[in-house]
Structure formats: structure tokens, C-alpha cells
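**Q** Structure, please.
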Amino acid sequence: QAGFSVKLAATLAMAPLGEAVSPDAKSHALSRAERRKLKEQARADALQPLQQKLQSQDPVEQLEAIDELFIQFEKTSLDTVLAADVLPWVLQLSQDSNNSNLQTQALWALQRFSEGTPKQTKCMVEQGALKRLTPLLTARAHTQEQALLIITNVAMASEELRNEVIHAGIVDYVTGQFNGSEPLAVVQKAAGLLRAICSWPCAEFAAGVSKRLLSALSLLLTFNDSCVLVNACEALAMLPHSDSQHLAVLLMRGTIERLVFLLESSSGEVQAPACRALERIACASKTGMQALLVCEPLAALKELMESDEPALQLESTVLVANTIAFGGPHVEEVLKAGCVPVLIASLHGEAEIRRAAAKGICSLMKRAPQPELRKASTVCAVLEALPGEAIAMDFLISVLKVTDGEISQTLQQAACAFLEDCHFEDEHLQEQVREVIGVLRP
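**A** Numbering: from 1, shown residues only. As a prediction, this is how the structure comes out:
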């Protein structure tokens, strides 16, 4: 045993230092994140020659550097390229209007930077991208297009960055400079930017910004290009319209009338967002609804409800249902337009369309009861489309009152099943449920 101990000690003494195992070796080892960070830094350091070429005074060498940068975009991560600190130099080259080719390539590189994650795009903004891009909005058409695309990507990245675009004055710049005489490609990009800006909550918009935005979108609606029209309609559909001053701008510009005209567009791609914009405007206020109905949209809406396109069916059905809920003499216009049979037929469409149609029928039963609304098949379809909802229960009670409780066995079973699934927090409503069940099951 003593001999074994001596041999073991000798073996350990002869072992290479690197093979020794320490009990706390893990505490000294680099973490995976640290190793990855070191590798990224090494790759960034390898791009230093590229940065130097971008700083060159030789345009040929600068172009070569941009070409190499595009290769790096494919080979390595955007984080690595950002860590190489080449972005400030690309931004600087994007200002060189004397060398259009170099400027164009620099802007394409900036577009690639703007297509990263919100965090990466924020890094770009923090390095002054918006300040550099704003003056390019009055440059030659192709440069304007590129600048608008990059700013659109920034605005789409996050609500915070959209706000940075607003604070940079770019909305004012675009809407102030825009008069509709620009090349179509520029107008298309401008419409895309305004849509991106409206895609985030707009409660923080200053009154002046909102008015200029609405005026610009109204002007865009006068174009006959589908791309421009879709973006303008989608932007309007995302804006709040309860402010009477906002509505005044739309009325003054003839925007609502134009949107109603677009309901009859030959392009379904345009019709759906136009209908959605009208629904947002009309349902925001009593004045908005009145302004819509003055334009007599119901004939066009009925045609859209009968369309084979689910998106068109849904948007038009929602708008007709809200028109009925609005009440007043306009309910009679819905009846005259022949919308009721289409609403009933829509109860057999897709789920969202069924819900919208059912809500319209419930409102109609309350305001202008029609014999066809109390047919067993219609009532069953409404209850199925609106399970557990108070509006459907009110509808059922109205039907029972009209029929004096004389209903088919099929409807009785459907009604009882519906009521058993109703669980309202309001005790008064829940008491009504119990009473109706008692009538149906004496």
C-alpha cells in the first residue's frame, strides 16, 4: 500500500499542469454567453478594414466597401456588423448627392440595417439615422423612395420608434411637402409610411399632426392606384375618429363620400379596407354615422354582403349591423335596400360573419321586427352564433313575446340549451334567464 501511494504521488507530480482538475473549475470557465460575445467581438474586429475603406476619400474604394458590407450581411449577424461601428460611415455616405451611385448603394445598406429586430433598429436611430434621412425626402425621386422605405421600417419596428419618427418631424415633413404631383412610386412609399405610422396607437398625436395626417390621407384617396388606396384606407381604419375636429377635416375633404365610392371599386383589395375605414368613422360618433348615411352606401354594402369574398362579406355585414344598431330612420333604409334576407343568409357563413349578422338581426328585432326574423331556423342560428350573450337573450325574449311562447320543439330545445349556457354577473339578467327557462319548461 505504501508503494502504491508513492507511485500515485509520482504520477500526479509528472502530470501536465493543464490536466489538473480543480473542484471549482466551472467557476473560472467562460459562460456560453461570454464565449459567444467574444466570438462576435472577434468577427467585429475583423471588419475594421471595411470601416477604414468606408472612411476612404476614394469613391471607388467606398463602393467596394459597401459591396463587401452586403456580403457581410449574408455571412454574419446584424449585431456583429453593428458592433463593427460601420453604420455612422454608411449614414455619412448616404448624404453624398454628388455621387448618385454611391448614395444609392449606401441607402440600400441602410435599408438592410432597418430590417433587423426592434432593438437593432433602435441602435440605428440612436446613431442619428432619422436626422440624416429627413433631408432626403426632398431629393430626387429614387432617393426619396429609398428614404421613405427605411423610415417606414423604423416606424413599423415598435411604437417607441414610431414616436421617434413623429418627434423627428417627419410626419409634418411628408404631409407638408406632399401635394399629389409626385411620381407614383414616391406616392406609394409615402402612403406606406403613413399606414405604418397609424398602425400603432395614435392617442398621443398632437392635434396639428392629426389634422395634417387626415388631410394627406384624404388626398391619397383621390389616386386610382390600388397600392396607394389600400394603404390610405388601412391608415384611416386604424385612426380614432371620435374627435369632432377630425371628422370636420374628413367632411371638408369629401373623404367619406370618396370611401363610399370606393365600395364599388373593381378591386376587392380596395373595397374591404374602404369598408373598414367607413365602419371606424361611422361608429365613432352619431355625426359620423349620419355623414355616412347621407352618402347612401346601403346598395353598395348589400352587394358586398353577397360577395364570394369572406373579407368583403364580413366588413360590409359589420357596417350594416352597426347601421341598424344606430337606429332612427336609417333602419327603414336598411329594409328598403333588401339587406334583411342577406343578413339571414349570412347566418350560415364563417364564424365572424355569423356573429356580425346575428347582432344585426338582434338589433333589427328590437327596432323594426320582421316576420322572417322569428322563424325557428333563424332564431336557432342567431342563438348558435351568439352563445351566452345578453343581446341574443333579449332577441329570444322578443321572439317569445311575439309568438306568445308558441314555438316549435326544435326551437324550444335550442333556446333551453342557449339559456343554460348563460352565466351573467348581473343578477337581474340571470333572474331573467331563470324566468324564461321556467316558461319554456313549465
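**Q** all helices of the stretch 151-300 of the chain, in order?
**A** For the stretch 151-300 of the chain, the helices defined by DSSP state H, counting those that start in this stretch occupy 159-167, 170-177, 184-198, 207-220, 226-238, 244-253, 255-262, 268-282, 286-294, 298-305.
**Q** which non-adjacent residue is nearest Lys286?
**A** Once flanking residues are discounted, Lys286 sits nearest to Phe326: 7.7 Å by CB to CB, 6 or more residues apart in numbering. Backbone N, C-alpha and C define where each C-beta goes, glycine included.
**Q** Could you measure from that neighbour over to Ser244?
**A** According to CB to CB, to the nearest Å, Phe326 and Ser244 sit 17 Å apart.
**Q** Equivalent analysis for Thr222, please.
**A** 24 Å.
**Q** out of those two, which sits in the more crowded spot?
**A** Counted by other CB atoms under 10 Å, Thr222 and Ser244 do not tie: Thr222 has more neighbours, with 14 against 10.
**Q** Tell me who's in contact with that one.
**A** Counting by CB atoms under 8 Å, 6 or more residues apart in numbering, Thr222 makes contact with 180, 258.
**Q** circling back to that earlier point, put together a markdown table for the helices of the stretch 151-300 of the chain, with mean pLDDT and distance to Gln127 on each row.
**A** Output for these, formatted as a markdown table (pLDDT from 0 to 100; distance: least, CB to CB, whole Å):
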| stretch | mean pLDDT | distance to Gln127 |
| --- | --- | --- |
| helix 159-167 | 92 | 12 |
| helix 170-177 | 82 | 17 |
| helix 184-198 | 94 | 21 |
| helix 207-220 | 85 | 25 |
| helix 226-238 | 96 | 28 |
| helix 244-253 | 90 | 35 |
| helix 255-262 | 97 | 39 |
| helix 268-282 | 94 | 35 |
| helix 286-294 | 92 | 43 |
| helix 298-305 | 95 | 48 |
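**Q** Mind putting these into CSV with distance to Lys75?
**A** Below are the helices of the stretch 151-300 of the chain laid out as CSV (distance: least, CB to CB, whole Å):
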stretch, distance to Lys75
helix 159-167, 27
helix 170-177, 33
helix 184-198, 29
helix 207-220, 40
helix 226-238, 34
helix 244-253, 49
helix 255-262, 47
helix 268-282, 38
helix 286-294, 54
helix 298-305, 50
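**Q** so who does the nearest residue to Leu110 once chain neighbours are set aside touch?
**A** The shortest distance from Leu110 to any non-neighbouring residue, by CB to CB, 6+ apart, is to Ile150 (5.4 Å). Going by CB under 8 Å, 6+ apart, Ile150 touches 107, 110-111, 114, 129, 133.
**Q** wouldn't the residue nearest to Lys286 be in contact with Gly288 here?
**A** No. The criterion here is CB atoms under 8 Å, and Phe326 misses it with Gly288 at 9.9 Å.
**Q** okay, those two: which has more neighbours?
**A** The neighbour comparison of Phe326 against Gly288 (other CB under 10 Å) goes to Gly288, with 24 against 20.
**Q** Now do the same contact list for that one.
**A** Residues in contact with Gly288 (CB under 8 Å, 6+ apart) are 241, 247, 281-282.
**Q** which residues does the residue nearest to Lys286 contact?
**A** By CB under 8 Å, 6+ apart, the contact set of Phe326 is 282, 286, 289.
**Q** Now do Pro49, the pLDDT please.
**A** With respect to pLDDT, Pro49 scores 78.
**Q** Please disregard the earlier target; I meant Lys7.
**A** Among the per-residue scores, Lys7 holds a pLDDT of 47.
**Q** and if you look at Asp24?
**A** pLDDT recorded at Asp24 is 51.
**Q** Gly405 too?
**A** 67.
**Q** Make 814 the first number, not 1, from now on.
**A** Sure, I'll start counting at 814 from here, so that last one is Gly1218.
**Q** if I look at the residue nearest to Lys1099, how far off is Gln1058?
**A** Distance from Phe1139 to Gln1058, counting by CB to CB: 22 Å.
**Q** for Arg1089, same thing?
**A** Distance from Arg1089 to Gln1058, by CB to CB: 22 Å.
**Q** same thing with Leu1052?
**A** For Leu1052 relative to Gln1058 (CB to CB), the value is 13 Å.
**Q** Which residue of these two possesses the greater neighbour count?
**A** Between Leu1052 and Gln1058, Leu1052 has the larger neighbour count (other CB under 10 Å), namely 21 against 10.
**Q** Could I get the contacting residues of that one?
**A** 1011, 1015, 1023, 1026-1027, 1059, 1093.
**Q** Also Val1000?
**A** 991, 993, 1033, 1036, 1038, 1041.
**Q** Go again with 10 Å.
**A** With contact taken as CB atoms under 10 Å, 6 or more residues apart in numbering, Val1000 is in contact with 961, 991, 993-994, 1032-1033, 1036, 1038, 1040-1041, 1044-1045.
**Q** any idea which of the residues you listed is the one closest to Asp1121?
**A** Nearest to Asp1121, judged by CB to CB, of the contacts of Val1000 is Cys1040 at 23.5 Å.
**Q** Hmm, the closest one is touching Glu1047, no?
**A** No. Contact criterion CB atoms under 10 Å: Cys1040 and Glu1047 do not qualify, at 11.1 Å.
**Q** Kindly calculate the angle that the helix or strand that contains Ala1169 makes with helix 1111-1118.
**A** Element membership for Ala1169 (DSSP states H and E) is helix 1164-1180. Helix 1164-1180 runs at 140 degrees relative to helix 1111-1118, counting by axes from the mean of the first three to the mean of the last three CA atoms, to 10 degrees.
**Q** which is the next helix or strand following helix 1164-1180?
**A** The C-terminal neighbour of helix 1164-1180 among helices and strands, as given by DSSP H and E, is helix 1189-1198.
**Q** Next, the buried residues of that next one.
**A** The neighbour-count criterion (16 or more other CB atoms under 10 Å) identifies 1189, 1191-1196, 1198 as the buried residues of helix 1189-1198.
**Q** For those residues, which two are the farthest from each other?
**A** Across the buried residues of helix 1189-1198, the longest distance by CB to CB is 14.9 Å; it joins Ala1189 and Ala1198.
**Q** which residues touch stretch 876-888?
**A** So stretch 876-888 is in contact with 856, 859-860, 862-869, 871, 891, 893-894, 897, 899-900, 902-903, 906, 912, 914-915, 917-919, 921-922, 925-926, 928, going by CB under 10 Å, 6+ apart.
**Q** so of the residues you listed, which ones are in helices?
**A** 856, 859, 862-867, 891, 893-894, 900, 902-903, 906, 914-915, 917-919, 921-922, 925-926 (DSSP state H).
**Q** Before I go, just wanted to say thanks for your time.
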